[in-house]
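Engineer: Quick one, structure for this:
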Amino acid sequence: MIIAWILSIIFSFSGLIFYLERMNALELIHLNTQAQTQEHFIQAEKIVLACQFDLLLGTHLDHPDCDFYFLENNYWLISNLNKPQIEVLVFFDSELGMVKRLNWRQVFD
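Structural biologist: Purely as a prediction, here's the structure:
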C-alpha cells in the first residue's frame with residue numbers, strides 16, 4: 001500500500017515536471033514570436049515614415065516600397081507593400097511644406 005502511494009507521488013511529480021517543461025518551451029516560443037513581430041512592425045513604420053518624407057520632397061513616384069493614392073483636397077493614402085502592411089492617411093500642405101498624419105491602420109488580408 002505504501003509502495004503504491006509512493007509510486008503515485010513519483011508519477012504525479014514526473015507529470016508536473018513534464019507539464020512545466022512544456023509550458024516553458026511555449027513561453028519561449030511566445031516571446032520569440034512577439035519580438036520578431038515587433039521588429040517587423042517597427043521596420044514597416046520606418047518605411048511609411050520614409051514614404052511620408054518622399055511625399056514632402058516630391059519624389060514619391062520613385063519609391064519602390066510604398067503605394068501612394070491621392071484622395072482629394074491634398075489628402076493622401078500611403079501604404080507599404082510588405083507585411084505587416086500599414087496604411088496612413090496624411091494631409092499634405094504644399095504651401096507650408098508640411099505632411100500631417102491624420103490616421104493609420106494595420107491592413108489585414
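Engineer: I29: what secondary structure?
Structural biologist: Of the three states, I29 takes helix under DSSP: H, G, I helix; E, B strand; the rest coil.
Engineer: quick one: pLDDT of it?
Structural biologist: pLDDT, I29: 97.
Engineer: okay, now it: neighbour count?
Structural biologist: When neighbours are counted by other C-beta atoms under 10 Å, I29 registers 10. The way it works is simple: take the backbone N, C-alpha and C, and place the C-beta from them, glycine included.
Engineer: Next one: it relative to L71, how far apart?
Structural biologist: Computed with C-beta to C-beta, to the nearest Å, the distance linking I29 and L71 is 41 Å.
Engineer: burial count for W76?
Structural biologist: So W76, with other C-beta under 10 Å, has 20 neighbours.
Engineer: do the same with E45
Structural biologist: Using other C-beta under 10 Å, E45 has 15 neighbouring residues.
Engineer: give me the beta-bridge partners of the residue nearest to it when sequence neighbours are not counted?
Structural biologist: In this structure, E45 finds its nearest non-sequential neighbour in I86, 6.6 Å apart by C-beta to C-beta, 6 or more residues apart in numbering. Beta-bridge pairing of I86 under DSSP bridges involves Q106.
Engineer: Which residues lie in contact with I86 in this structure?
Structural biologist: I86 sits next to A44, E45, V48, S79, N80, W104, R105, Q106, V107 when contact means C-beta atoms under 8 Å, 6 or more residues apart in numbering.
Engineer: What pLDDT is listed against it?
Structural biologist: Looking at I86, its pLDDT reads 90.
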